[in-house]
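Participant: what follows is a protein structure lacking sequence information:
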């Protein structure tokens, strides 16, 4: 877990746990800003402890992980009500970075995230279908190898119950499938980009699965199709219509949450980040995030 520590751990070593905590919290919440808030709250609670109480904690890192997990569990519980009030579809916050990247030296939380299969958009969307307790048990155990005895302390249930939660969540997670080779996915995304730029509906239809689904998240702050677009032909026509309305649209191939994706810029400003699920060389799902509050990590260089 990377949360081992000893009594009297120094401030520098304790601060070094931040990357691990950000990685845990982002996978639990699907939002980098909420993950950062949860980790900051955990540190605030640590430093609010009396000094003698802190000295009694054998593993401050494990303590911080436990507290972060509890905070995330509370956030997930309240998020359900907030998502019901959200305008349009809610999608996880997309982050720049290719597979295996992360744990950089920068202060930005996005630089600390390790990109692997547990942060792909497809995987995070499946995590959204889980109950808060399922998500916490599954992510902490299956992704971070946290023991059920310690997860029980976070979710307030027995270790056996936590094992059942993780098992139920695991069945849901299988729906995300296993992505194909990166080179194959990148080639498909490149062909989508080229067909989109050429406004070639026939080429797009060939690249899209007949049952493909496109979901967009504008958060009510920018224009976005309010309901999922279903069917390869419908999505192809929709993409070409967008290109016709935005003649200055610039498409860039960029890794999104560790997988090949596309970024759309207008006047040099990132307006859309698209993730893809690709099966057998054809696109089955497109997730397009347009909510500017979820694109801050992509706009730092704008």
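Facilitator: Right, received. Where do you want to start? Nothing here was measured: the structure is a model prediction, and the numbers come from that model. Numbering: from 1, shown residues only.

Participant: any weak-confidence spans in the stretch 151-300 of the chain?
Facilitator: 175-177 (pLDDT under 70).

Participant: all strands of it, in order?
Facilitator: Taking DSSP state E, counting those that start in this stretch, the strands of the stretch 151-300 of the chain run over residues 208-217, 229-230, 250-256, 259-266, 269-279, 282-289.

Participant: buried sites along the third one?
Facilitator: Judged by neighbour count (16 or more other CB atoms under 10 Å), strand 250-256 contains these buried residues: 251, 254, 255, 256. C-beta: built from backbone N, CA, C; applies to glycine.

Participant: which residues touch the third one?
Facilitator: To tie it back to what came earlier, the one meant is residue 255. 96, 97, 98, 99, 101, 115, 261 (CB atoms under 8 Å, 6 or more residues apart in numbering).

Participant: what confidence value was assigned to residue 11?
Facilitator: Here the pLDDT value assigned to residue 11 is 62.

Participant: name the nearest residue to residue 223, sequence neighbours excluded.
Facilitator: Of all residues not flanking residue 223 in the chain, residue 290 sits nearest, at 7.6 Å (CB to CB, 6 or more residues apart in numbering).

Participant: select only the buried ones of the contacts of residue 255 in PyMOL?
Facilitator: Selecting only the buried entries of those in PyMOL, with 16+ other CB under 10 Å as the criterion:
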select buried, resi 96+97+99+101+115+261
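
Participant: out of the contacts of residue 255, who's nearest residue 209?
Facilitator: Taking CB to CB as the measure, residue 209 lies nearest residue 261 of those, at 17.3 Å.

Participant: ok, back up a step: now render the strands of the stretch 151-300 of the chain as a markdown table, adding distance to residue 34.
Facilitator: Compiled in a markdown table, those are given as follows (distance: least, CB to CB, whole Å):
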| stretch | distance to residue 34 |
| --- | --- |
| strand 208-217 | 15 |
| strand 229-230 | 28 |
| strand 250-256 | 19 |
| strand 259-266 | 22 |
| strand 269-279 | 18 |
| strand 282-289 | 15 |
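
Participant: and those: which comes nearest residue 15?
Facilitator: Closest among those, using CB to CB: strand 250-256, at 27.9 Å.

Participant: the inter-axis angle of that closest one versus strand 282-289?
Facilitator: 100 degrees (axes from the mean of the first three to the mean of the last three CA atoms, to 10 degrees).

Participant: which helix or which strand is home to the residue of the chain most remote from its centre?
Facilitator: Within the chain, residue 52 marks the point farthest from the mean C-alpha position, 37.9 Å out by CA atoms, centre = their mean. Of the helices and strands defined by DSSP states H and E, residue 52 is found in helix 51-56.

Participant: and the next helix or strand past that helix?
Facilitator: Following helix 51-56 in sequence, per DSSP H and E, is helix 60-85.

Participant: list the buried residues of that following helix.
Facilitator: Neighbour-count burial for helix 60-85 [16+ other CB under 10 Å]: 60-73, 75-76, 79.

Participant: stretch 285-294 too?
Facilitator: The neighbour-count check on stretch 285-294 (16+ other CB under 10 Å) flags 285, 286, 287, 288, 289, 290, 291, 292, 294 as buried.

Participant: what's the most distant pair in those?
Facilitator: Greatest spatial distance among the buried residues of stretch 285-294 (CB to CB): 285 and 292, at 22.6 Å.

Participant: could you check how far residue 162 is from residue 53?
Facilitator: Note on residue 162: its distance to residue 53, by CB to CB, to the nearest Å, is 26 Å.

Participant: no further queries at this time; thank you.
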